[in-house]
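A.B. asks: structural data only, the sequence is not supplied:
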C-alpha cells in the first residue's frame, strides 16, 4: 500500500477514535489513562505503610488525623492558610467564622474543615499530575485514603489547570456567609497576578505596605457589587477579632506562605502538562512509526514541536516570567519564611533557590524550587532534555533572550551556578553541550 494511503488511513482511524470517545479528555485516554493508571505518590506510599502496619496514624478528638498526617508527610503547621469562601467539597461547613485550613509542602496539600467528615488531600504524582484523596475523620484501625474517581476534576482539570489534573488557587468575591459572588468575577492566582485581584476569600496575615488585595474581607450579601473594604483588609496581623482561632494549629494565615502557594500550584501544572504532552506526542509518534515501518525513536516534526512548546512554557514559568512586581516589601507573621529560606540544597557559594527576596519579588534567585521535585526529575527524557537545553540558552547567552529581561546578568549567572552545583543530571547535559 502506498505510504500516502497508509498515512491517510491512520489519520482517519485517529480521528474516528477521538470522536468515538469525545466525552473523554485527553488524559483519560492512553497513554495517560488517568483513572485506570496506578498512582505512585506521597499519599499512595503512605497508604502502603498503613496497610503493612509500618505506620500508624494518631487520632485527635479535636482535629482528627490532621496532626498525624502532617507529621507523616513532613508538612509544617507554619504553612497554614485559611480560606473562608465556600470553594471546597465540604462547603456547608465553611464560612468566615469557620474557615478551612490548608497545609502544604512541595508536593502535597492537606485541607482541614472544623467538624468535617474528611480531610481533603491533593498531591502531585509524577505520572498523573494532580491526584485527589479523602481521609475519613473517624478513628479506625487502618485509616484509608480514598482516591477520587472524577468528582474533583470538575474544577481541577480545566483551562485553569492547563487542561491537566492539577492544582489552582482561586480569588473570589465572598459574601458574609462565604458564598462566592460568581457574578462579580473570579480570578486565578499565580505569580503573575496583580495583587489587586489576589487573596479574595482567604484570610491573610502579614504586612505589605501600600499594596492592597482582596483578602480578609467580604462583600454585602445583598449587594455583591459593593466594593470590598480593602483598607480594612490590609496589613492584618491578628485574626482573633474576626473568628475563633483556637481550633486551628496556628492563629495565622501567612502572607509569605500564600505567595509561595500562588506560584507553586501552577508550577505543578506546567510540569504535569510537559509530562503528559510529551508522553502523548511519543505515543502517537510510535503509532505512526509502526504504520510507516520506520524507527519509533525518530521524532516527526510535529512531535518535536509539541514537546518543544510545552518545554519552553515550563522554562518560562520556572524562571518567573511575568512575575508581578512588589510595590512594597512583604512580611509574614509566622515562622514559614524562615523555615522556607533555610532549606537546602546550597551551591558552593551557600546560595539556594529557597532564599526569599520579598522586597521586589518572591525569590532572591528567580528559579522555581520545584525544579528539585520528583515530578520534574521524572519528566520523560525528551522533555527533560529540551528543558535543560532551553535553560542553558536563557541562562548563558551573552545577550538576554527575549522574554527574560526581568533577569539581570547577575541573576542568570547565579541561577546557572546554583543549578550546576545542585543538579548533577542537568549539569551533565550542559557540560556535554560545551
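C.D. replies: Arrived safely. Just so it is clear, the structure is predicted and the values come from calculations on it, not from any experiment. Residues are numbered from 1 along each chain as shown.
A.B. asks: surely residue 231 and residue 212 touch.
C.D. replies: Yes - counting by C-beta atoms under 8 Å, residue 231 touches residue 212, with 7.4 Å between them. C-beta here means a position set from N, CA and C on the backbone, and glycine is covered the same way.
A.B. asks: what about these two, which has more around it?
C.D. replies: residue 212 (18 against 9; other C-beta atoms under 10 Å).
A.B. asks: which element is that one on?
C.D. replies: Here residue 212, judged by DSSP states H and E, is contained in no helix and no strand.
A.B. asks: chain neighbours aside, what residue packs nearest to it?
C.D. replies: Nearest non-adjacent residue to residue 212, counting by C-beta to C-beta, 6 or more residues apart in numbering: residue 230, 4.4 Å away.
A.B. asks: residues touching the one you found, list them.
C.D. replies: 212-214, 217 (C-beta atoms under 8 Å, 6 or more residues apart in numbering).
A.B. asks: how far away is it from residue 173?
C.D. replies: 12 Å (C-beta to C-beta, to the nearest Å).
A.B. asks: what's the overlap in contacts for the two?
C.D. replies: residue 214.
A.B. asks: first vs last residue of stretch 87-99, how far apart are they?
C.D. replies: Using C-alpha to C-alpha, to the nearest Å, one end of stretch 87-99 lies 11 Å from the other.
A.B. asks: same thing with stretch 373-392?
C.D. replies: Across stretch 373-392, the terminal residues are separated by 19 Å (C-alpha to C-alpha).
A.B. asks: shift numbering so it begins at 49
C.D. replies: Okay, using 49 as the starting number, the last item reads as stretch 421-440.
A.B. asks: that stretch: which residues count as buried?
C.D. replies: Residues 421-424, 427-428, 430-432, 434-440 are the ones in stretch 421-440 that count as buried (16 or more other C-beta atoms under 10 Å).
A.B. asks: repeat that for stretch 141-152.
C.D. replies: Under 16+ other C-beta under 10 Å, the buried positions of stretch 141-152 are 142-144, 146-152.
A.B. asks: now render those residues as a markdown table, adding secondary structure, pLDDT and distance to residue 226.
C.D. replies: Below are these laid out as a markdown table (DSSP: H, G, I helix; E, B strand; the rest coil; pLDDT from 0 to 100; distance: C-beta to C-beta, whole Å):
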| residue | secondary structure | pLDDT | distance to residue 226 |
| --- | --- | --- | --- |
| 142 | coil | 96 | 6 |
| 143 | strand | 96 | 4 |
| 144 | coil | 97 | 6 |
| 146 | strand | 98 | 9 |
| 147 | coil | 98 | 8 |
| 148 | strand | 98 | 9 |
| 149 | strand | 99 | 14 |
| 150 | strand | 99 | 15 |
| 151 | strand | 99 | 20 |
| 152 | strand | 99 | 21 |
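A.B. asks: nearest to residue 124, of those residues?
C.D. replies: Residue 124 has its nearest neighbour among these in residue 151, at 7.6 Å by C-beta to C-beta.
A.B. asks: how much space between the closest one and residue 174?
C.D. replies: The gap separating residue 151 from residue 174 is 21 Å, by C-beta to C-beta.
A.B. asks: how about the nearest residue to the spatially most central residue of the chain, chain neighbours excluded?
C.D. replies: The chain has residue 313 as the residue nearest its centroid, 1.9 Å off, counting by C-alpha atoms, centre = their mean. Once flanking residues are discounted, residue 313 sits nearest to residue 215: 4.0 Å by C-beta to C-beta, 6+ apart.
A.B. asks: the one you found reaches residue 180, doesn't it?
C.D. replies: No - applying C-beta under 8 Å, one finds residue 215 not in contact with residue 180, separated by 9.7 Å.
A.B. asks: can you list residues touching both of those two?
C.D. replies: 170, 204.
A.B. asks: give me the below-cutoff pLDDT ranges for the stretch 49-198 of the chain.
C.D. replies: Low-confidence segments of the stretch 49-198 of the chain (pLDDT under 70): 49-72.
A.B. asks: the helices in the protein, which residues?
C.D. replies: 51-68, 90-100, 114-121, 201-204, 303-340, 349-366, 384-389, 422-425, 429-444, 457-470, 472-480 (DSSP state H).
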